[in-house]
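1. Fold the following and give me the result.
(one chain, ligands or ions: 1)
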Amino acid sequence: MCGIVGYIGKQETLPILIEGIKRLEYRGYDSAGIAVINDKGELIIHKRSGKIVEMEKTLPDEKNFNSCLGIAHTRWATHGEPSTTNAHPHLDCENKIAIVHNGIIENYKVLKKNLQNEGHKFNTDTDTEVLAHLIEEVYDKINDFHKAVNEALKLVEGTYGLVVISKDEPQKIIAARKGSPLIIGVGEEENYIASDVAALVVHTKNVIYLKDNETAEITKDSFKIRTLANESVAPIVKKINWDISMIEKGDFDYFMQKEIYEQPDSIENAFRGRLNDELNTARLGGVHLNPEQLENIKQIVIVACGTSWHAGLVGEYMIESMARIPVKVQYASEFRYRDPIIDHKTLVISISQSGETADTLAAIREAREKGAKVMGITNVIGSTIARETDFGSYIHAGAEIGVASTKAFTSQLTVLFLLGWMLGRMRLLTPEIGAKYGDELKKIPEKVTEIISYNDYIKEIVEASPIPENALYLGRGINYPVALEGALKLKEISYIHAEGYPAAEMKHGPIALIDENMPVIFIAPDDYVYDKILSNIEEVRARKGKVIAITNKSCDGIKDMADHVIFIPKTISLLSPLLTVIPLQLLSLHYALAKGCDVDQPRNLAKSVTVE
Ligand code: M6R
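-> Next comes the predicted model:
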């Protein structure tokens, strides 16, 4: 999604802005732009459709900027096609005010019409331009920049994280937030503002998270925060625990590759300090449920989108199996519109890597309104979902920059496993079974390391056949959601059409697709449904489909049935998705690279989807 960076201080602004928006490229964008006020008080705007490097190439000589104040943006089009004209910043009629904005202004048509009636002239198709003119209109009347932004925003319906500068007040940046994140980075004689900590971490670890309906006036050595109702708010400075190595590729060529390889560590980080070896259970510090509250939970509803939704489907198996509490998993985007049957006896669990997904956030609000307690499982500390849920657990995966989620998925599974295990031990799981779960979990990072070492073999599998146009992923039981995740990973980064199905469903329709050009990827660990999957493999072979099987070393009979077999170490069924998904991530990476795709920034996708 769109990205925002702003700077005010003692340094030359341009390199800081460019470097900042480059750190946000991973979020997905189609155009980029900057606005700075130079030492002569001139407002300079520069924007281009396409990548940031394209914009950079056409910049006038950097030295001419002489500016210590500026804002920058990467745009992911919602209103108006991706083009240089529609790229941000947008301006008022007098070219005095420049604004960059993430989010959607829902009542922009009405506002635009009113402003046009007042004589404002518009140059773009965007909703954002309305904000520039609206602020101009109010500013002309009250001559107080911060107040003008506040008053203008009172007329706005929709979501925004926005940053505005004015030629008339070149010592300040005004920022405002409603539904789209903004974080102030606190420096010495300089301050920053960004929509994502990834743009701040090289400069400072001290940050202030703006809350919804707050606006901030930022100068080089101060910040005043107010609510939209003009009440002043005491800023709370927090420390971020990211370091720069998390947002750089290091020895890897791609972030996605780096993040796949980080999984032994990221999984361990998700369970580190959370195992209680004495009681053979997990300890999730953020989950405060006494036995009575637990007894009161009659159902669990998991809400999430995309890969996080797949993690939820695995979580359903884990929690039902260990804690025997009924679990439903719903797309967050559907949940909010279906008048869900939930009440105070329902525990809603929201899962989100970014903690900013608009649909998940809306589902949380709906659930809380209906009286349910909501738990958040998120990665980004201080994110909106982390703050808006009643309690929760961080997955501690570290920064995930690749648009295709990999390490966040396995960390989400780890936390869901811990939760199911903990709830199970509070209900009916014996200490012996609890102890077994702990032992098996501790062995997972080492097993993931082993699977990652098969990378070259997986690449050879990809190179052994022409790149397919379609692929089918089949799994059963707890590995059915892994089939969905494998298919999603492939389509996201390689644009190969892929479907995931429960293996037995194949004969109810998808079998019609199978011919010699169709690779079918079977997830077939040595578990209670292994024999059933073998029959499904036979059915594919009989129709000349190409079989790639992921199984355990104990199942070498499968070698005669499949074109390629990836043998992985064995674990208990409930933890098997943490292992079976790794070869699928590597398969999609190599298919995408073989096609020459940009794996970190796939077309049309955004890392965090902050619009509905
Ligand atoms: O940040 P979230 O986990 O809430 O994001 C949800 C989805 O947008 C996300 O998982 C998306 O499907 C990824 N691109 C998957 O790789």
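2. where does T78 land in three-state SS?
-> With DSSP: H, G, I helix; E, B strand; the rest coil as the basis, T78 sits in coil.
3. What distance do you get for the closest residue to the ligand within the chain to D251?
-> As assessed by C-beta to the nearest ligand atom, the ligand sits closest to G306 within the chain, at 2.0 Å. Quick note: C-beta positions are derived from backbone N, CA and C, even for glycine. Using C-beta to C-beta, to the nearest Å, G306 is found at 28 Å from D251.
4. List, one by one, the residues from the chain near the ligand.
-> 305-308, 352-354, 357, 360, 403-405, 492, 605, 608-609 (C-beta under 6 Å from any ligand atom).
5. Give me the secondary structure label for Q11.
-> The three-state assignment at Q11 reads coil, by three-state DSSP.
6. where does the residue of the chain closest to the ligand fall, phi/psi-wise?
-> phi 60, psi -130 (degrees, to the nearest 10).
7. Any idea which of the residues of the chain next to the ligand the model trusts least?
-> Ranked by pLDDT, these bottom out at S608 (76).
8. Strands of the stretch 351-500 of the chain, residue ranges please.
-> Using DSSP state E, counting those that start in this stretch, the strands of the stretch 351-500 of the chain run over 373-378, 391-394, 470-475, 497-502.
9. could I get those as a markdown table with mean neighbour count?
-> Output for the strands of the stretch 351-500 of the chain, formatted as a markdown table (neighbours: other C-beta atoms under 10 Å):
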| stretch | mean neighbour count |
| --- | --- |
| strand 373-378 | 25 |
| strand 391-394 | 20 |
| strand 470-475 | 26 |
| strand 497-502 | 20 |
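10. show me where pLDDT drops low in the chain?
-> In the predicted model, the chain carries pLDDT under 70 at residues 1, 61-64.
11. if we can go back for a sec, name the member of the residues of the chain next to the ligand with the most neighbours.
-> Counting neighbours by other C-beta atoms under 10 Å, the top entry in the residues of the chain next to the ligand is S352, with 33 neighbours.
12. who touches that residue in this structure?
-> Neighbouring residues of S352 by C-beta atoms under 8 Å, 6 or more residues apart in numbering: A304, C305, S308, T360, G376, I377, T378, N379, S383, I385.
13. Name all residues that make contact with the last one.
-> With contacts defined as C-beta under 8 Å, 6+ apart, the neighbours of I385 are S350, S352, G355, E356, T357, T360, L361, I364, G376, T378, G392.
14. Hmm, the third one is touching E388, no?
-> No. Taking contacts as C-beta atoms under 8 Å, G355 lies outside contact range of E388: 9.1 Å.
15. between these two, what contacts are shared?
-> In contact with both G355 and E388: G376, using C-beta under 8 Å, 6+ apart.
16. Looking at these two, which has the bigger crowd around it?
-> The residue with more neighbours, out of G355 and E388, is G355; 27 against 18, by other C-beta under 10 Å.
17. Would you tell me which one of the contacts of S352 comes nearest to G420?
-> I377 (12.2 Å; C-beta to C-beta).
18. unless I'm mixing things up, that closest one is touching V348, no?
-> No. Assessed by C-beta under 8 Å, I377 is found out of contact with V348, at 11.3 Å.
19. Any idea how far apart the tips of stretch 296-311 sit?
-> End-to-end span of stretch 296-311 (C-alpha to C-alpha, to the nearest Å): 25 Å.
20. buried stuff in it?
-> Buried residues in stretch 296-311, counted by 16 or more other C-beta atoms under 10 Å: 297, 299-311.
21. do stretch 110-122 as well
-> Buried-residue list, stretch 110-122, by 16+ other C-beta under 10 Å: L111, K112, N114, L115, H120.
22. packing partners for the host helix or strand of the fourth one?
-> Read that as L115. Here L115 sits within helix 108-117, counting by DSSP states H and E. In this structure, helix 108-117 packs against helix 128-142, with contacts taken as 3 or more C-beta pairs under 8 Å, 6 or more residues apart in numbering; DSSP states H and E.
23. ok, back up a step: the helix holding L115 vs helix 128-142, what angle?
-> Interaxial angle, helix 108-117 versus helix 128-142 (axes from the mean of the first three to the mean of the last three C-alpha atoms, to 10 degrees): 50 degrees.
24. Dump helix 108-117 to CSV, restricted to CA.
-> Taking Å, rounded to 0.1, in the frame of the first residue of the first chain, the C-alpha atoms of helix 108-117 are listed here in CSV:
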residue,chain,number,x,y,z
TYR,A,108,-14.6,13.1,-1.8
LYS,A,109,-17.2,13.6,-4.6
VAL,A,110,-19.5,15.8,-2.4
LEU,A,111,-16.5,17.7,-1.0
LYS,A,112,-15.1,18.2,-4.5
LYS,A,113,-18.3,19.6,-5.8
ASN,A,114,-18.7,22.0,-2.9
LEU,A,115,-15.1,23.2,-3.4
GLN,A,116,-15.5,23.6,-7.2
ASN,A,117,-18.6,25.7,-6.4
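25. Report the backbone C-alpha coordinates of stretch 212-223 in PDB.
-> C-alpha atoms of stretch 212-223 as PDB (Å, rounded to 0.1, in the frame of the first residue of the first chain):
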ATOM      1  CA  ASP A 212      -6.800   7.500  15.300                       C
ATOM      2  CA  ASN A 213      -8.300  11.000  15.300                       C
ATOM      3  CA  GLU A 214      -5.000  12.600  16.400                       C
ATOM      4  CA  THR A 215      -3.100  15.200  14.500                       C
ATOM      5  CA  ALA A 216       0.500  16.300  15.200                       C
ATOM      6  CA  GLU A 217       2.400  19.500  14.500                       C
ATOM      7  CA  ILE A 218       6.100  18.600  14.100                       C
ATOM      8  CA  THR A 219       9.000  21.000  14.100                       C
ATOM      9  CA  LYS A 220      12.700  20.100  14.200                       C
ATOM     10  CA  ASP A 221      12.700  20.100  18.000                       C
ATOM     11  CA  SER A 222       9.100  19.700  19.100                       C
ATOM     12  CA  PHE A 223       5.900  17.900  18.500                       C
END
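26. buried residues in that stretch?
-> Within stretch 212-223, the residues scored as buried using 16+ other C-beta under 10 Å are D212, N213, E214, T215, A216, E217, I218, T219, K220, F223.
27. sorry, back to before: which residues sit in contact with the residue of the chain closest to the ligand?
-> G306 sits next to S405, L488 when contact means C-beta under 8 Å, 6+ apart.
28. Same question for M422.
-> Neighbouring residues of M422 by C-beta under 8 Å, 6+ apart: T281, A282, R283, L284, V287.
29. where's it relative to A176, distance?
-> As defined by C-beta to C-beta, M422 lies at a distance of 40 Å from A176.
30. Also G500?
-> 41 Å.
31. N241: how many residues sit nearby?
-> Counted with other C-beta under 10 Å, the neighbours of N241 add up to 12.
32. Now it: phi and psi?
-> With angles defined as degrees, to the nearest 10, N241 sits at phi -100, psi 20.
33. Which positions within stretch 89-106 qualify as buried?
-> Residues of stretch 89-106 classed as buried by neighbour count (16+ other C-beta under 10 Å): 89-93, 96-105.
34. Do me a favour and get the end-to-end distance for that stretch?
-> Stretch 89-106 end-to-end distance (C-alpha to C-alpha) = 19 Å.
35. Might you calculate how far it sits from the centre of the chain?
-> Between the centre of stretch 89-106 and the centre of its chain there are 26 Å (C-alpha atoms, centre = their mean, to the nearest Å).
36. What of stretch 221-228?
-> In terms of C-alpha atoms, centre = their mean, the centre of stretch 221-228 is found 28 Å from the chain centre.
37. do stretch 287-306 as well
-> With C-alpha atoms, centre = their mean, you get 23 Å for stretch 287-306.
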